[in-house]
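S.K.: fold the following and give me the result.
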Amino acid sequence: MWDNIFNKNTQALTDLLSKANARHEENTAALVEEVEALKKKVSSVCRRNEKLSDQLGFLNEVAIRCAVGKIHGKEAAEQAHIHSLQGLCALLVAKDVPFRRHEAELASRQTALVEAVVSPDCFVAFTRLFMGRLTEYHKGNRRAISYIRKAQASTEEVSLYLGSRTCLHRGRKIEDAITQLQTLEAVVTQEANKSGEQEQEEKENGSEVDELDEDIVREKTPAYWSGRFFSGLIRYLRAAKGGLMKLRAHLAQPDSLGIALLAAASSQLLCVQVELDGRGSLEVFPDAAIISVFEYKSSQSGVAKGKQQLEARLQMLMWAARQSRAVPSDVPITGRGHLYLPGYARIRPQDVTLDGGNMTISVASI
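M.R.: Predicted structure coming up:
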């Protein structure tokens, strides 16, 4: 009899426990559904806020452009995306050059600038930056580092033959360098696929990147840089195989490494394009030359970054103005950066002097 009672009580407790577990599972499932629904709502609100922020930023920029254009002229209101040496040279034709001479001046500037970046020093500066970026990301990866060092050694050895008239060793050395670069590209891609970087990079490919912003650039994966530079380097080396004339012709093309070589030589920056919020201008006088560029931010939080961006742009343009002979060698160049914020930012006007007084950046709301 006691056994029957015990068994009945045990069964009753088991049934109660099963019902309690079932209710707990149901409640947990319902709670998970509520949490997921809440996450979706939060995500939707965040996306709406981002869109509103983007719209507000766009409206602020439009308002700033209109106001700045009235003060500084239409050049200050025009945005510019520079992807080639020819595009950069368009900024280096002085404002007072007559229209009939404009094309001749542009061609002259481009020829001189190509002659400057074709030098082995520019090539070495660029390859060291590029290989250094890859080395940073693959720190601790002995296999990748080994291939990076081999590729760097072979490409730097090529620089010894860039200005040489003889073709005895140049062709073989260049082919060796191309082989090393192709091998390194395969290794970098393989490592990126292992860590999921390639997929991440494909998702981000549609977004614009300010390559003169060091903070943003350092966050980019090797997949970003390899996709931009390996093919460009290989095309450069194949052109170099044909001698200086062919290399000069290649660097004058829109898809060459011209901007990358210039950025590395002038500012120790790694980039293939330059974006200017305001196109700016070059003015040349008998005893001075002034390069003006513009940057626009929608809030005070962007002031520090804006100053950094203006400094990088001015360094590149001042170097290019000198090398392209847009400014005579005996005429000093001053760079002037203008950073504007919307009027409601109420920032106190300030001027920052850099590069020993050769560069000034003014900050103001408008």
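S.K.: let me see the ranges of the helices in this structure.
M.R.: 2-72, 74-77, 85-89, 99-117, 120-137, 142-158, 170-195, 197-204, 214-219, 222-241, 244-251, 258-267, 303-323 (DSSP state H).
S.K.: comparing those helices, which gets the lowest mean pLDDT score?
M.R.: Of all the helices of the chain, the minimum mean pLDDT falls on helix 197-204 (a mean of 49).
S.K.: ok, now how distant is Q268 from G132?
M.R.: Plainly put, Q268 is 10 Å away from G132 if you go by CB to CB, to the nearest Å. In this view, the C-beta of every residue, glycine as well, is placed from N, C-alpha and C.
S.K.: nope, D287 is what I meant
M.R.: From D287 across to G132, the span is 40 Å (CB to CB).
S.K.: which one of those two is surrounded by more residues?
M.R.: Summary of the neighbour comparison: D287 and G132, criterion other CB atoms under 10 Å, with G132 having more neighbours (12 against 7).
S.K.: hmm, back to that, most packed of the helices of the chain?
M.R.: helix 258-267 (a mean of 25; mean count of other CB atoms under 10 Å).
S.K.: counting by contacts, list what it packs against.
M.R.: Applying 3 or more CB pairs under 8 Å, 6 or more residues apart in numbering; DSSP states H and E, one finds that helix 258-267 makes contact with helix 85-89, helix 99-117, helix 120-137, helix 303-323.
S.K.: mind running it again at 6 Å?
M.R.: helix 99-117, helix 120-137, helix 303-323 (3 or more CB pairs under 6 Å, 6 or more residues apart in numbering; DSSP states H and E).
S.K.: and the angle from the shortest one to helix 170-195?
M.R.: Inter-element angle recorded for helix 120-137 and helix 170-195: 20 degrees (by axes from the mean of the first three to the mean of the last three CA atoms, to 10 degrees).
S.K.: name the helices or strands packed onto helix 120-137?
M.R.: helix 142-158, helix 222-241, helix 258-267.
S.K.: would you mind confirming that A151 is in contact with E185?
M.R.: No. A151 is beyond contact range of E185, at 8.9 Å (criterion: CB atoms under 6 Å).
S.K.: quick one: mean pLDDT over stretch 358-365.
M.R.: 88.
S.K.: how about residues contacting that stretch?
M.R.: Outside of stretch 358-365, the residues within contact range by CB atoms under 6 Å, 6 or more residues apart in numbering are 307, 310, 314, 335-339, 341, 343, 345, 347, 349-353.
S.K.: show me which of the residues you listed are buried.
M.R.: Those of the contacts of stretch 358-365 that meet the buried threshold are 307, 310, 314, 335-339, 341, 345, 347, by 16 or more other CB atoms under 10 Å.
S.K.: hmm, back to that, common neighbours of Q268 and G132, please.
M.R.: What both Q268 and G132 touch, as defined by CB under 6 Å, 6+ apart, is an empty set.
S.K.: next one: stretch 265-285 to chain centre, how far?
M.R.: What separates the centre of stretch 265-285 from the centre of its chain is 13 Å, taken as CA atoms, centre = their mean, to the nearest Å.
S.K.: which residues touch it?
M.R.: With contacts defined as CB under 6 Å, 6+ apart, stretch 265-285 is touched by 75-76, 78, 80-83, 92, 94-95, 122, 125, 129, 211, 228, 259-260, 263, 290-296, 312, 315-316, 319, 327.
S.K.: and Y224, how far is that from A29?
M.R.: The value you get for Y224 to A29, if CB to CB is used, is 41 Å.
S.K.: repeat that for G171.
M.R.: Counting by CB to CB, the gap from G171 to A29 is 70 Å.
S.K.: show me the contacts for M316.
M.R.: 263, 266-267.
S.K.: nearest spatial neighbour of R170, chain-adjacent residues omitted?
M.R.: Excluding the flanking residues, the one nearest R170 by CB to CB, 6 or more residues apart in numbering is Y161, at 4.1 Å.
S.K.: to what extent is the one you found buried, counted in neighbours?
M.R.: 20.
S.K.: turn the buried ones among the contacts of stretch 358-365 into TSV, including distance to C66.
M.R.: Listed next are those as TSV, based on distance: CB to CB, whole Å:
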residue	distance to C66
K307	23
L310	21
L314	24
G335	25
R336	21
G337	20
H338	15
L339	17
L341	15
A345	16
I347	19
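S.K.: now, those residues that are in strands?
M.R.: If you go by DSSP state E, these have 335-339, 341 in strands.
S.K.: ok, the buried ones among the contacts of stretch 358-365 vs E33, which is closest?
M.R.: Among the buried ones among the contacts of stretch 358-365, A345 lies closest to E33 (CB to CB), at 43.9 Å.
S.K.: just to revisit the earlier point, columns distance to L247 on top of the contacts of M316, output as JSON lines?
M.R.: Output for the contacts of M316, formatted as JSON lines (distance: CB to CB, whole Å):
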{"residue": "A263", "distance to L247": "18"}
{"residue": "S266", "distance to L247": "19"}
{"residue": "S267", "distance to L247": "22"}
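S.K.: just name the closest of these to T179, please.
M.R.: A263 (26.7 Å).
S.K.: ok, the closest one to V158 distance?
M.R.: On the measure of CB to CB, A263 and V158 end up 20 Å apart.
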